[in-house]
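J.: Provided below for reference: sequence and predicted model.
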Amino acid sequence: MSRNKLRRSNSQRRRGATTVEFAIVVPIIFAMFLGTIEMTRLNFIRHSAANAAYEGARKAIIPGSSFTEATDESLRLMRAVGVGNGVTASLTTLNDTMTVTVTVPVNQNSWGAARFSSGMTITQACTLSRETAR
């Protein structure tokens, strides 16, 4: 057997091993990439819900504002960022504090993890003291 023929067969065998390694590793890397995108989306939803709860509470503490104005403001902000499926906002009062709670069902607002997130919710709340009329 000549030396060139021996080299060629070694490189052909290595090419086959590289193809198998690629076929094993690529789905794992692809899954990690998509998982990272999904986690980023869920973090975005969490921050948006916290902001919507805060803005709704700000609306609620103004003298003369109604409960529906506060919850509508929270829902409007969630819809503005593209998160409106199944989102609920509630307002509770205790003495002079107003608490707005925004709840987002993950399976209705996820891009890819809906099958794995049944029953999971993102809940954010903000409590502010009511302003007094002067």
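T.: It's in.

J.: gap between residue 27 and residue 121?
T.: 30 Å (CB to CB, to the nearest Å). C-betas here are computed from N, CA, C, even on glycine.

J.: helix or strand right after the helix or strand in which residue 18 is found?
T.: Taking DSSP states H and E as the definition, residue 18 sits inside helix 3-61. As assigned by DSSP H and E, the chain's next helix or strand after helix 3-61 is helix 67-80.

J.: give me the contact list for that next one.
T.: Outside helix 67-80, the residues that touch it by CB atoms under 8 Å, 6 or more residues apart in numbering are 48-49, 51-53, 55-57, 59-60, 84, 87, 89-91, 98, 100, 102, 104.

J.: the more surrounded of residue 27 and residue 121?
T.: Neighbours were counted for residue 27 and for residue 121 using other CB atoms under 10 Å; residue 121 has more, 16 against 9.

J.: list the contacts for residue 41?
T.: Residue 41 neighbours (CB under 8 Å, 6+ apart): 110-111.

J.: quick revisit: and the buried ones among the contacts of helix 67-80, selectable in ChimeraX?
T.: Typed into ChimeraX, the line below selects the buried ones among the contacts of helix 67-80, using 16 or more other CB atoms under 10 Å:
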select :48,49,51,52,53,55,56,57,59,60,87,89,90,91,98,100,102,104
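
J.: so for this structure, the centremost residue is which one?
T.: residue 42 (1.4 Å; CA atoms, centre = their mean).

J.: I'd say it and residue 107 touch.
T.: No - Residue 42 is beyond contact range of residue 107, at 11.3 Å (criterion: CB atoms under 8 Å).
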